[in-house]
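**Student:** got a predicted model here, sequence first, then my questions.
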2 protein chains.
Amino acid sequence: MTSSTSQPRHIHVAGELRQRIMRRDYAIGQSLPAESALCAEFGVSRGPVRQALATLKNEGLIQLSQGKPAVVRSHDATQTLDTFTPFTQWARRNGRTAGSRTLEVARRRVSEPAMVALDLNADDFVVDVVRVRLLDGEPAMIERSTFIDSVGSLLFEFDTDSGSMTDYLASRGVYFDSMEHVLDAVAAARVDAENLGIDPGSPLLRERRTSRDQDGRVFEYADDRYRPDLVAFSIVNARTIDARS
Amino acid sequence: MTSSTSQPRHIHVAGELRQRIMRRDYAIGQSLPAESALCAEFGVSRGPVRQALATLKNEGLIQLSQGKPAVVRSHDATQTLDTFTPFTQWARRNGRTAGSRTLEVARRRVSEPAMVALDLNADDFVVDVVRVRLLDGEPAMIERSTFIDSVGSLLFEFDTDSGSMTDYLASRGVYFDSMEHVLDAVAAARVDAENLGIDPGSPLLRERRTSRDQDGRVFEYADDRYRPDLVAFSIVNARTIDARS
DNA sequence: CAGTGGTCTAGACCACGGC
DNA sequence: CCGTGGTCTAGACCACTGA
């Protein structure tokens, strides 16, 4: 009877340990309890415990090595693969307020790059959403999302300035299951510059994203451009627990 | 008696499946054999098979879902967390030739940003290595690495133009175990522009990297600047097999 | 040397997918 | 409905760590 109705044990263990680490119960460099101790404490076998530790390792929180217990590496999971969490959630987690100013929501024929990414035909319709995203009130990013028609049509019933589009889509049964990101740099176009309050030609960090739902279907293509003085991407590239060769 | 002396079974299974996928034995969208079939074929229990599948999922090669076998998502693992493999290896894997033109290898007192990243004192010595990295003969990136003294001193016995610094360090017992990357964009400084053959002020993709060895010690800090017209970072952000909350 | 994590097995139960 | 993957257990062996 630990907490909610029925959560997989390894998730519960991971959550509990993550909380302790972020609460700074352990100093950086300090060891976690041995696996056997964790098994005893949580009343589970080694499987779930090891799965939980693998999760924390992937989040960059701990360091695993053979022969000795896991060691705390970092107190916050901000810098993670999960840095690619949706803008709103990311801001909230970092104690900042996210805002949004919608420039347009339009149903139209698909553009060239989106057509390729979404695997559509030239005469297919899509829904484009262009928004300026604010961090603590300041323009930090300009986001150009293109959704396949079936998903995009849901957005006309949604106030795109009000909150998290991700949460809204999830409530309508569309989950972001995996995303593919391509990162590079571009010079700010005139529109970009005007909306972000910077000089044309100054460097922007660009993220082009392809999102898939739980069934592996691509449903979003996005071109996001960030002001590098306000936002940077941080990624922990821990050798995956099982990738060695 | 499958292959080498004694390789963990899950690594062998992952390698075999990876090879089949990249060899295009399965079309994209096609299902892999069921876990039970894989168990039978490789003569192992479900544990190793599932660990192998988790690896491939993390590499973005397959899609896992409950109730049905894994589905092939991509034929090549180029776009992976492992995109952060060392430059030389990355180039080789993509069928391109990597080159290197060393600008300097110098032992000197640590610079401000490296001091912070490496957790050193202002009067500590480090070894700076500045190189222009070439792709098929063309300048693609300028790399400024700073190594802690004990590691950097190894580099004076190494021809930094000859091959992979990573491989060389590994041969001397220094392994890159995990790295932390911060990505943003900067305008090309005059030096950058000259060495990369571009205009000053044009946008560059910057990667600042902190590398740790197998014991979790930070030993390298690097500031790499890429020409965005030649290189982009590609990352697959699959929901980790065990991270759900 | 004893304790630890890395790996593996055999068997089990459940929730979900598709027929 | 049966087969699938998601999860879990109990027990085992080995390689490595550190006193």
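**Tutor:** Nice, I can see it.
**Student:** okay, A:Ala40: pLDDT?
**Tutor:** Looking at A:Ala40, its pLDDT stands at 94.
**Student:** try the one 10 residues further on
**Tutor:** Note on A:Arg50: pLDDT of 95.
**Student:** tell me the secondary structure at it.
**Tutor:** State at A:Arg50, reduced to three classes by DSSP: H, G, I helix; E, B strand; the rest coil: helix.
**Student:** dihedrals phi and psi, the residue lying closest to it once chain neighbours are set aside?
**Tutor:** Distances taken as Cβ to Cβ, 6 or more residues apart in numbering or on different chains place A:Glu35 nearest to A:Arg50, at 6.8 Å, with adjacent residues excluded. Glycine gets a C-beta too; all of them are placed from N, C-alpha and C. Main-chain torsions, A:Glu35, degrees, to the nearest 10: phi -60, psi -40.
**Student:** quick one: A:Glu35 from A:Val49, how far?
**Tutor:** In this view, A:Glu35 and A:Val49 are 5 Å apart by Cβ to Cβ, to the nearest Å.
**Student:** for A:Arg101, same thing?
**Tutor:** 46 Å.
**Student:** ok, these two, which is more surrounded?
**Tutor:** Neighbour totals were compared for A:Arg101 and A:Val49, and A:Val49 leads with 25 against 14 (other Cβ atoms under 10 Å in any protein chain shown).
**Student:** from what I can see the more buried one touches A:Cys39, true?
**Tutor:** Yes. In this structure, A:Val49 is within contact of A:Cys39 by Cβ atoms under 8 Å, at 5.5 Å.
**Student:** who in chain A is up against DNA strand C?
**Tutor:** A:6, A:32, A:34-37, A:46-47, A:50, A:53, A:64-70, A:241-242, A:244 (Cβ under 7 Å from any atom of the strand).
**Student:** just the ones of these in strands?
**Tutor:** A:Leu64, A:Ser65, A:Lys68, A:Pro69, A:Ala70 (DSSP state E).
**Student:** so among these, where is pLDDT lowest?
**Tutor:** A:Ser65 (87).
**Student:** show me the contacts for that residue.
**Tutor:** A:Val71, B:Gln214, B:Asp215, B:Gly216 (Cβ atoms under 8 Å, 6 or more residues apart in numbering or on different chains).
**Student:** pick out the most distant pair among the residues you listed.
**Tutor:** The span of these, defined through Cβ to Cβ, is set by A:Val71 and B:Gln214 at 11.9 Å.
**Student:** show me which of the residues of chain A next to DNA strand C neighbour DNA strand D.
**Tutor:** Answer for those near DNA strand D (Cβ under 7 Å from any atom of the strand): A:Arg46, A:Gly47, A:Ser65, A:Gln66, A:Gly67, A:Lys68.
**Student:** could you pull out the strands for chain A?
**Tutor:** A:62-65, A:68-72, A:98-109, A:125-135, A:138-148, A:178-187, A:203-212, A:218-226, A:233-238.
**Student:** quick one on the thing from earlier: more crowded one of A:Val71 and B:Gln214?
**Tutor:** Comparing A:Val71 with B:Gln214 by other Cβ under 10 Å, the one with more neighbours is A:Val71, at 17 against 14.
**Student:** which one is that one nearest to, not counting chain neighbours?
**Tutor:** Using Cβ to Cβ, 6+ apart, the closest residue to A:Val71 is A:Gln63 (4.6 Å).
**Student:** from DNA strand D, how far out is that neighbour?
**Tutor:** According to Cβ to the nearest atom of the strand, to the nearest Å, A:Gln63 stands 12 Å off from DNA strand D.
**Student:** what's near enough to touch that residue?
**Tutor:** So A:Gln63 contacts A:Lys57, A:Ala70, A:Val71, A:Val72, A:Arg73, B:Ser178, B:Arg212, B:Gly216 (Cβ under 8 Å, 6+ apart).
**Student:** ok, A:Leu205 next?
**Tutor:** Neighbours of A:Leu205 in contact, by Cβ under 8 Å, 6+ apart: A:183, A:185, A:225-228, A:231-233, B:183-185, B:205.
**Student:** and the residue nearest to A:Arg50, what does it touch?
**Tutor:** Counting by Cβ under 8 Å, 6+ apart, A:Glu35 makes contact with A:Arg46, A:Val49, A:Arg50, A:Leu53, A:Pro69.
**Student:** redo that, cut-off 10 Å
**Tutor:** The contact partners of A:Glu35, taken as Cβ atoms under 10 Å, 6 or more residues apart in numbering or on different chains, are A:Arg46, A:Val49, A:Arg50, A:Ala52, A:Leu53, A:Pro69, A:Ala70.
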